[in-house]
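A.B. asks: Here's my sequence, what's the structure:
(2 chains)
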Amino acid sequence: MVRKPRRSAGELFEPLERLRVGPLREGAFRSRLHSEPPAAWLGLALGVAFSVCFATGLVSHAIQNPPGWLLWPSRPVNLYRLNQGLHVATGIASIPLLLAKLWVVYPRLWIWPPVENVAHAIERISLAPLVGGAVFMLFTGFANTLTWYPWRFFFPRAHFWGAWITIGALVVHVGAKATVTWAALRPGSAKPPEPPGDGLDRRGFLTTVAAAAGALTLVTVGQTVKPLSWLALLAPRRPEVGPQGFPVNKSAWAAGVLESARDPGYRLLVEGAVARPLSLSVDELRALPQREATLPIACVEGWSATVHWTGVRVRDLLRMAGARLDAEVAVESLQPKGGYRRSVLNRLHARDPLTLLALEVNGEPLHIDHGYPVRLIGPNRPGVMQTKWVHKLVVG
Amino acid sequence: MRTAGARTSNAPGGRVFWALAAAGWAVALVGLWGLFKDARSTMPPDFARWFLGSAVVHDLLVAPAVFAGAVLVRRVVPKPWLRYVQAGLIVSGIMLLVGLPLLLGLGRNPDNPTIQPGNYAAGVTVILTAVWAAVGVLGARAARPGRPRQSSRAVGRGRSKPRPGGR
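C.D. replies: I've put the predicted structure just below:
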């Protein structure tokens, strides 16, 4: 080993040389793929994927928990569907990218000396939340699309705050690696020749990982992109499978509304800041002018289905009740408890002519699992906010 | 990879590093603050178990298993086939990792058949068949007798001349 002048931190580890066994041994990892170029390319790809995933995740969170200044628009109709489809697709494509990157840089977990200086110590410590966080985000996100919850925390909150921790750690990592990565990727830079071997070389390895990401995308993205749905062999939801041709997340039985939804005494109430509070039975709702809208149900889990709805325009009901034109409306469900029993229509959504209280799907009365007698459906809105088994509208 | 003994020139420092280290930690602390603000739903002890546990499981279980497998593959697979089998294993491994929870029906709800409605055993079989068919075709082409022995290079793969000694 060539002796070079060392900083004091490195010298501290010299007496511990005899601890260098197993992965700590010099030359323990022999693959020529443990090198800068594949690490840099995979890092770049992950940086892009995680940035898109984080941004789209923030949008989805903000729509459901709007800060005071955010007025989420009701158009374009398919914007949320695109946002969430992109979120899940980039998350899933990141799985092979992350695993490949972790494999390429794994020997660095066992570098010697373990700490060279303060900056190095900070960089290394910051990798713990990055590696843990990245795996955590992809695992929890993927498990959520399967509705598989092997943990006890509440997924939406944990996934959201976990994202901030992970992205923070990613920023630190970028700061530590920016110069090195640029040097490795800069066109025209002198790259050390790749050692010979029989297995995959750098290009072959990166091509394989890209192919894995592409193939994984192809077999899952059909849950969002209809023309690819025949390929979606590993998609946990099929957008055309379910009563009346699209999936159900929460069934009527699970929501505890089987009796109340079918009760002949059911009335849709419109109350709050209105001149004439309304109380309408299902027949009275059917007697009102029916409007049609072709709108997607776009789930936070990434799948979406386009459905043809018929029902009463929310704006018409507000006018009937004598509400202000720019009112905000809280929509409440018969569902007795749960965080999603209530959603808010901001003033843009409330007065959009496509925002309906739907009574029919594809010409048939709404199935009980889809929200019979009446469910909210509006453009550019997450599925969890398309309240089912609507009981009342409270005008703000 | 740089030999661990040499002073690694990618140990960080400089203005960019410190600025981004500060910014990154600020962002991460926002996340930590939020985690505790919503502690009733995020359950920090459970969260920490999964968050840090992910790194531990990967670094101390998954990665060593993959390395052990890679060593085995190198020993067992004939040289002309090696890169194709490696590629096939990488793609298969990813597909099986993602497919495993679906094969086990984790998260399936008997009251809601629209969750995981597919026949995932069939789907995984189709995928693996396609992958290994491709490996078979590409590997057989490379292993054809009379084809010059390829030593791999970053450039001009497949066009290198056979070298004496094969290195």
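A.B. asks: all contacts plus neighbour counts: C-alpha atoms, from now on.
C.D. replies: Fine.
A.B. asks: can you count the residues close to A:Val384?
C.D. replies: By the criterion of other C-alpha atoms under 10 Å in any protein chain shown, A:Val384 has 19 neighbours.
A.B. asks: Over to the one 5 residues further on?
C.D. replies: Close neighbours of A:Trp389, defined as other C-alpha under 10 Å, add up to 27.
A.B. asks: Over to A:Arg381?
C.D. replies: Per other C-alpha under 10 Å, the neighbour tally for A:Arg381 reads 30.
A.B. asks: Tell me the confidence at it?
C.D. replies: Listed pLDDT for A:Arg381 reads 97.
A.B. asks: Phi, psi for it please.
C.D. replies: With angles defined as degrees, to the nearest 10, A:Arg381 sits at phi -140, psi 140.
A.B. asks: helix or strand for A:Asp316, which one?
C.D. replies: In this assignment (DSSP states H and E), A:Asp316 forms part of helix A:314-321.
A.B. asks: Tell me the first helix or strand C-terminal of that helix.
C.D. replies: That would be, after helix A:314-321 and using DSSP H and E, strand A:329-333.
A.B. asks: In space, what's closest to A:Val278 - neighbours in sequence excluded?
C.D. replies: If you look again at residue A:278, you'll see it is Leu, not Val. Leaving aside its chain neighbours, A:Leu278 sits nearest to A:Val270 (4.9 Å; criterion: C-alpha to C-alpha, 6 or more residues apart in numbering or on different chains).
A.B. asks: Check what pLDDT residue 51 gets.
C.D. replies: Since you didn't name a chain, this refers to chain A. At A:Ser51, the model reports a pLDDT of 98.
A.B. asks: Chain B was what I was after
C.D. replies: Predicted confidence (pLDDT) for B:Phe51: 97.
A.B. asks: in the stretch 101-250 of chain A, which spans are helices?
C.D. replies: A:118-145, A:155-185, A:202-218 (DSSP state H, counting those that start in this stretch).
A.B. asks: right, is the last one up against chain B?
C.D. replies: In other words, helix A:202-218. Yes. Legend: contact between helix A:202-218 and chain B by C-alpha under 8 Å from any C-alpha of the partner chain is shown at A:Arg202, A:Arg203, A:Gly204, A:Phe205, A:Thr208, A:Val209, A:Ala211, A:Ala212, A:Leu216.
A.B. asks: Adding neighbour count as columns, could you present those residues in a markdown table?
C.D. replies: Output for those, formatted as a markdown table (neighbours: other C-alpha atoms under 10 Å in any protein chain shown):
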| residue | neighbour count |
| --- | --- |
| A:Arg202 | 19 |
| A:Arg203 | 16 |
| A:Gly204 | 17 |
| A:Phe205 | 19 |
| A:Thr208 | 22 |
| A:Val209 | 23 |
| A:Ala211 | 16 |
| A:Ala212 | 24 |
| A:Leu216 | 26 |
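A.B. asks: which residues sit in contact with the residue nearest to A:Leu278?
C.D. replies: A:Pro277, A:Leu278, A:Ser279, A:Leu317, A:Leu318, A:Ala321, A:Lys392, A:Leu393, A:Val394, A:Val395 (C-alpha atoms under 8 Å, 6 or more residues apart in numbering or on different chains).
A.B. asks: let's see 6 Å
C.D. replies: Going by C-alpha atoms under 6 Å, 6 or more residues apart in numbering or on different chains, A:Val270 touches A:Pro277, A:Leu278, A:Lys392, A:Leu393.
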